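Asks: sequence plus predicted model, see below.
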Amino acid sequence: MVLISILLDLIALGGYFLVTASTTQPVFWLLTIVESIIVVILVGFFFSYRGKRRSRFYDPDIGARPYTIRFSILNFQVKCNDDNEFLIVV
């Protein structure tokens with residue numbers, strides 16, 4: 001699931017390079033549609049994640065158990081793609 005989300009992120013990055021190379025209106029709308037689909041898929045991955053979400057070690061500095069690396073990657077990608085979709089639409 002995490003590997004698929006990384007691949008989806010690379011597709012979105014390719015879309016951004018496509019828009020910077022060609023700033024026509026159809027390319028922009030294509031990126032908006034593709035990015036919206038990627039965001040929906042990543043949010044679905046985020047909520048259906050079945051692996052461990054928190055590590056088994058307690059961190060006294062933050063007062064909680066931190067997220068695992070896999071869940072952190074998924075969480076970071078969802079947040080970044082949501083922000084990018086918001087900036088594209090606005």
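Replies: Sure, I can see it.

Asks: can you show me the helices along this protein?
Replies: Along the chain, counting by DSSP state H, helices occupy 2-21, 25-47, 69-89.

Asks: between those helices, which gets nearest to residue 54?
Replies: helix 69-89 (7.9 Å; CB to CB). C-betas here are computed from N, CA, C, even on glycine.

Asks: so what's the gap between the closest one and the chain middle?
Replies: Mean-position distance between helix 69-89 and its chain equals 3 Å (CA atoms, centre = their mean, to the nearest Å).

Asks: in it, what's buried?
Replies: Neighbour counts using 16 or more other CB atoms under 10 Å place 70, 71, 73, 74, 77, 78, 81, 84, 85 of helix 69-89 among the buried residues.

Asks: and the residue nearest the centre of this structure?
Replies: By CA atoms, centre = their mean, the chain has its centre lying nearest to residue 77, at 2.6 Å.

Asks: correct me, but that one touches residue 9?
Replies: Yes - if you go by CB atoms under 8 Å, residue 77 and residue 9 touch, sitting 5.4 Å apart.

Asks: contacting residues for residue 4?
Replies: Listed by CB atoms under 8 Å, 6 or more residues apart in numbering, the contact partners of residue 4 are residue 45.

Asks: show the pLDDT at it.
Replies: On pLDDT, residue 4 comes in at 88.

Asks: gap between it and residue 33?
Replies: 19 Å (CB to CB, to the nearest Å).

Asks: over to residue 47?
Replies: 22 Å.

Asks: how deep is residue 9 tucked in, by neighbour count?
Replies: When counting by other CB atoms under 10 Å, one arrives at 17 neighbours for residue 9.

Asks: surely it meets residue 84?
Replies: No - judged on CB under 8 Å, residue 9 makes no contact with residue 84 at a distance of 10.1 Å.
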